[in-house]
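1. next come a sequence and a model predicted from it.
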Amino acid sequence: MPTQLTNGFGKVYLTIDYDAANQWVYNDWIGYQTYTGIIAGADACLLPLREHACSCLLNDNRRVIGPWDHAVEWIVTNWANRAAEQGLTHFAHVASPDSLAAHSAEAMHLGIGGRLQMRMFGDMAQAQSWLRAARLGAVEKQVV
């Protein structure tokens, strides 16, 4: 069952859902993102990652309006460490290539460095394909 977070105006700004078929958590961010909302949303997605022992996260920013640079440092120094500690290994981030959200994501990507395998995509199908391959690779490594 998806989790929806709403802003002060009662509008949904994030839907978090566990995709059982693909064994990943999907975050669908919508609209303008505040610092407080990003922290609440990023923290909220840790729960289904932990509950389902997920190593993969699909983060969708295609419907985000504007930049979210104001939260990049917190994501890099706080959230990414906690996510990695509980087993997140692969982080696919999807954003419209020329959007301000994509520029914020690039700053996040640079800051995360090698703590997580993170790739940025302009196309959802490519992001999903990369996560599937990563998950299958992890399964193959466990079998060997």
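-> Received it, and whenever you're ready, just let me know what you need.
2. buried residues in the helix or strand hosting Gln126, which are they?
-> According to DSSP states H and E, Gln126 maps onto helix 124-143. Judged by neighbour count (16 or more other Cβ atoms under 10 Å), helix 124-143 contains these buried residues: Ala127, Gln128, Trp130, Leu131, Ala134, Arg135. All C-beta atoms are positioned from the backbone trio N, CA, C, and that covers glycine.
3. make CSV out of those residues and add pLDDT and distance to Leu88.
-> Shown next, in CSV, are those (pLDDT from 0 to 100; distance: Cβ to Cβ, whole Å):
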residue, pLDDT, distance to Leu88
Ala127, 97, 15
Gln128, 98, 17
Trp130, 97, 15
Leu131, 97, 12
Ala134, 92, 11
Arg135, 85, 12
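4. Trp29: which of the residues you listed is nearest?
-> Distance to Trp29 across the buried residues of helix 124-143 (Cβ to Cβ) is lowest for Ala127, with 13.9 Å.
5. by mean pLDDT, which helix or strand of this structure comes out lowest?
-> Scoring the helices and strands of the chain by mean pLDDT, DSSP states H and E places helix 124-143 at the bottom, with a mean of 79.
6. so which elements touch it?
-> With contacts defined as 3 or more Cβ pairs under 8 Å, 6 or more residues apart in numbering; DSSP states H and E, helix 124-143 has these neighbours: strand 56-64, strand 90-94, strand 117-121.
7. quick revisit: run the chain-centre distance for the helix holding Gln126.
-> Centre-to-centre, helix 124-143 and its host chain are 16 Å apart (Cα atoms, centre = their mean, to the nearest Å).
8. how much does that helix deviate in direction from strand 117-121?
-> For helix 124-143 against strand 117-121, the angle between stretch directions is 160 degrees (axes from the mean of the first three to the mean of the last three Cα atoms, to 10 degrees).
9. and the angle for helix 124-143 with strand 90-94?
-> Using the same axes, to 10 degrees, helix 124-143 lies at 180 degrees relative to strand 90-94.
10. got the contact list for helix 124-143?
-> Helix 124-143 is contacted by residues 22-24, 55-56, 58, 60, 62, 89-90, 92-94, 117, 119, 121 when judged by Cβ atoms under 8 Å, 6 or more residues apart in numbering.
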